[in-house]
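S.K.: need coordinates for the following:
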Amino acid sequence: MPNLSIQSYCFSALFTALNMTEEKRTCPLGYFPCGNLTFCLPQLMHCNGIDDCGNQADEENCGDNNGWPHLFDKYFGMPSHNARTKSNVCLLGVVPELCQCRDLELDCDGAHFQDIPVVAMNVTMMSLQRNGLRKLRANTFFKYQSLQKLYLQHNKIQDVSPDAFRGLYNLTRLYLSNNRISVLMPGVFRDLHKLEWLILENNSIHQISSTTFSGLNSLVLLVLLNNSLTKLDDILECQKKSKLLLTYKVLQRNRISYVHEQAFSVLQKLGELDLSRNRLAAIPPNLFVLLEDLLQLNISYNPIMELQVDHFDKLHKLKSLSIEGIEIGNIQRRMFEPLKYLTHIYFKKFQYCGYAPHVRSCKPNTDGISSFENLLANIVLRVFVWVVSATTCFGNIFVICMRSYIRSENKLHAMCIISLCCADGLMGIYLFMIGAYDLKFRGEYNRHAQAWMDSSQCQVIGSLAMLSTEVSVLLLTYLTLEKYICIVYPFQYLTPGWRRTVTILLGIWVFGFIIAFLPLVCKGLFRNFYGTNGVCFPLHSEQPETLWAHVYSIVIFLGLNLVAFLIIVLSYASMFYNIQRTGTQTTKYSNHIKKEVTIAKRFFSIVITDSLCWIPIFILKILSLLQVEIPGTISSWVVIFILPINSALNPILYTLTTRPFKETIVQVWANYRQRRPLLSRHPAHHPSLTWQEMWPLQENSHSVSVGQEFEANGTKPKLTPVENTNEGYNDITASTRKQETQHTVLSVCPKTETPPHTHIHTGTQTN
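M.R.: Predicted coordinates:
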């Protein structure tokens with residue numbers, strides 16, 4: 001009985017231990033164990049470069065050594081029983097002068113040979129890299145039947161005779177990469193029964209016959225990277241004869257647009273298949289059915305439009321799957337569930353990782369903007385999206401409300417400013433919505449990422465941001481041109497009427513709506529134009545949705561916006577030049593310098609904000625066109641900090657720092673303090689000029705000069721009253737008009753009525 005009790009106890013303890021071990025290793029879907037610890041960590045915390053487990057378990061086995069590295073160790077890592085110790089003495093007798101010999105191996109790299117050198121027949125390795133070989137003639141190597149390794153890389157070989165490798169029965173390695181071979185004739189490798197490696201990368205091979213690889217019964221590695229193959233059905237029959245045992249490895253960077261459904265049917269031992277960077281638009285449904293031993297599959301960067309749900313069902317041993325650069329419109333978990341042993345998966349978008357939660361290492365794990373956990377990956381972005389949003393919304397709403405208190409006679413200009421504030425306010429609403437959805441998805445964004453980017457909410461929010469950006473740019477351009485014409489061409493300037501102004505504003509808004517919402521209406525052409533990232537703004541995308549979307553984005557940002565930016569900068573430069581020239585003629589030197597400093601500051605502030613906003617965006621677009629890799633983090637900072645610069649600062653530049661607004665604030669404050677209407681000897685200022693709202697309040701006022709033409713004619717100038725608080729800008733905006741030898745300096749810009757209390761001094765000036 002005691003023995004039975006002890007046995008029962010041991011059995012119970014063993015059972016409990018097994019259960020505890022099982023519990024330790026059982027984690028919820030999307031979580032993975034921390035070695036022998038009792039807790040699990042989510043997918044995003046494994047292989048992220050940080051020791052989150054505390055015992056480095058989450059950073060172990062993160063390298064993708066599946067496929068060829070694994071097979072190499074398996075088949076070639078074992079010591080050969082027939083291997084002998086190499087001698088440092090040359091055993092080949094006399095060798096060419098520029099060659100080096102060790103044991104039975106000959107190294108003639110860079111010897112400038114035009115033909116194969118003559119050496120002893122028992123040579124086992126011959127390296128002829130970086131020579132001038134152009135042809136491999138028939139029976140060239142026939143007498144070297146002991147040859148095991150032959151290196152012919154980096155020559156100029158164009159023609160390979162069908163009998164070039166005849167007699168090389170012991171050859172195991174053949175390197176023909178970086179030559180100019182375009183055609184491999186039938187039976188060219190028929191005597192290479194022991195060949196294991198055949199390296200043909202970086203040639204121009206476009207034609208392979210059905211018997212090209214006949215005789216390669218031991219072939220393990222075939223590399224056809226960077227050639228010109230267009231089809232894989234051409235080598236179907238040769239595969240049946242050669243039976244490539246392990247890997248049809250690298251077919252990367254060819255022009256393959258068609259793969260026969262049975263192309264790999266005889267390669268049941270295939271361990272790695274690389275079809276990346278070809279022109280495959282579709283994958284045959286049963287292409288991978290018989291590849292049950294496949295460990296690594298790479299079909300990345302093909303123009304594949306759709307993957308079947310059951311494409312990978314038979315790849316039970318697959319450990320690494322790369323489908324980067326492929327837009328999977330019908331992606332779902334069912335696609336990857338049969339891949340029980342999958343440890344590494346590579347997508348185009350990190351949002352796809354949510355459809356493979358059982359895979360420990362999923363890349364990419366961020367797009368620079370969002371992360372697995374948060375829509376905005378960076379804590380600084382998550383905070384400042386609210387700061388910038390609040391600043392933009394408050395500033396523009398404040399200006400819209402305060403405009404009704406500014407007793408400006410130029411209602412049309414006020415209408416333009418209010419319209420600009422409405423456009424800029426949309427940017428604040430956009431940022432507010434992004435911040436709100438970041439809060440909503442906090443800690444679990446990856447579960448909702450793809451659905452969010454495909455949602456109508458994301459599309460509408462993105463279109464609002466685009467509407468805000470384009471309308472703001474067009475309005476700023478219009479306001480700039482108005483000021484430019486007013487100052488540079490004062491005598492041809494006509495006061496804009498109500499109808500013309502309203503028509504222009506409506507036209508700008510309608511055009512902005514067309515730009516913003518056209519991608520939503522034409523889904524077939526633009527697809528998911530706004531859903532390329534989590535912030536729903538198509539500023540920059542390494543993989544644009546369609547060619548139409550790519551061209552459309554370039555036309556907007558490098559076409560329309562760049563032209564508008566140049567117009568604004570050049571117009572302000574021309575205005576400054578004209579004001580400086582006129583000011584030199586009509587004012588004293590000291591006052592002239594003082595005014596120009598003030599004007600320069602104003603112009604600089606306007607141009608610099610436009611530059612800070614748009615120059616980085618132009619640079620991003622140009623780099624994108626040049627196919628320069630741009631970190632995703634840059635896009636997020638541009639969207640949150642740089643793009644809203646104009647929207648946040650326009651209220652300050654065009655209203656809050658202008659003289660009418662300052663005087664209105666002073667008057668409102670005085671009324672508030674005195675609790676009665678402001679009684680002052682000097683009436684409140686009534687701004688009447690479009691350009692006048694651009695200038696800050698100054699202390700000095702100056703008179704307007706009238707030319708000597710009036711005195712010569714014996715007439716007195718008849719002047720329209722203009723208030724005396726123009727800080728000398730009547731002089732600034734005056735224009736010199738030559739009529740033979742007489743000059744007249746007149747006030748410019750729209751003529752308006754002013755209160756009777758205002759007056760102006762006249763005087764003469766010598767030109």
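S.K.: where do the helices sit along the stretch 301-450 of the chain?
M.R.: Along the stretch 301-450 of the chain, counting by DSSP state H, counting those that start in this stretch, helices occupy 379-403, 411-440, 445-454.
S.K.: residue 309: which of those helices is closest?
M.R.: Each of the helices of the stretch 301-450 of the chain was checked against residue 309 via Cβ to Cβ, and the shortest separation belongs to helix 445-454, namely 16.1 Å. (Each C-beta comes from the backbone N, C-alpha and C, glycine too.)
S.K.: quick one: average pLDDT of stretch 621-633?
M.R.: Averaging pLDDT along stretch 621-633 gives 75.
S.K.: can you list contacts of that stretch?
M.R.: Taking Cβ atoms under 8 Å, 6 or more residues apart in numbering as the criterion, the residues outside stretch 621-633 that touch it are 366-369, 377-378, 533, 540, 542, 553-554, 557-558, 620.
S.K.: next one: that stretch to chain centre, how far?
M.R.: Computed by Cα atoms, centre = their mean, to the nearest Å, the chain-centroid distance of stretch 621-633 equals 5 Å.
S.K.: so where's the stretch 201-350 of the chain uncertain?
M.R.: Within the stretch 201-350 of the chain, the stretches falling below the threshold (pLDDT under 70) are 233-249.
S.K.: mind listing the strands for it?
M.R.: 207-208, 221-223, 247-250, 272-274, 296-298, 320-322, 344-346 (DSSP state E, counting those that start in this stretch).
S.K.: tabulate those strands (TSV), appending distance to residue 49.
M.R.: Converted to TSV, the strands of the stretch 201-350 of the chain look like this (distance: least, Cβ to Cβ, whole Å):
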stretch	distance to residue 49
strand 207-208	43
strand 221-223	32
strand 247-250	29
strand 272-274	26
strand 296-298	23
strand 320-322	20
strand 344-346	16
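S.K.: quick one: which of these is nearest residue 489?
M.R.: Relative to residue 489, the nearest member of these by Cβ to Cβ is strand 344-346, separated by 60.5 Å.
S.K.: for the closest one, name the packing helices and strands.
M.R.: Contact here means 3 or more Cβ pairs under 8 Å, 6 or more residues apart in numbering; DSSP states H and E; on that basis strand 344-346 packs against strand 320-322, strand 361-363.
S.K.: looking at these, which is buried most?
M.R.: Neighbour counts (mean count of other Cβ atoms under 10 Å) averaged over each of the helices and strands packed on strand 344-346 peak at strand 320-322, with a mean of 23.
S.K.: that one packs against which elements?
M.R.: Looks like strand 320-322 contacts strand 296-298, strand 344-346 (3+ Cβ pairs under 8 Å, 6+ apart).
S.K.: highest mean neighbour count out of those?
M.R.: Across the helices and strands packed on strand 320-322, averaging neighbours per residue (mean count of other Cβ under 10 Å) puts strand 296-298 on top, at a mean of 24.
S.K.: other residues contacting it?
M.R.: Residues outside strand 296-298 that contact it (Cβ under 8 Å, 6+ apart) are 64, 66-68, 252, 271-276, 288, 312, 315, 318-322.
S.K.: hang on, residue 341 packs against residue 321?
M.R.: No: using Cβ atoms under 8 Å, residue 341 and residue 321 do not qualify as a contacting pair, with a distance of 10.8 Å.
S.K.: gap between residue 629 and residue 620?
M.R.: For residue 629, the distance to residue 620 (Cβ to Cβ, to the nearest Å) stands at 12 Å.
S.K.: now the contacts of stretch 621-633 as TSV including distance to residue 182 and neighbour count?
M.R.: Output for these, formatted as TSV (distance: Cβ to Cβ, whole Å; neighbours: other Cβ atoms under 10 Å):
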residue	distance to residue 182	neighbour count
366	43	20
367	41	24
368	42	19
369	45	25
377	48	22
378	51	18
533	43	26
540	39	22
542	33	14
553	39	23
554	37	15
557	42	21
558	40	16
620	41	19
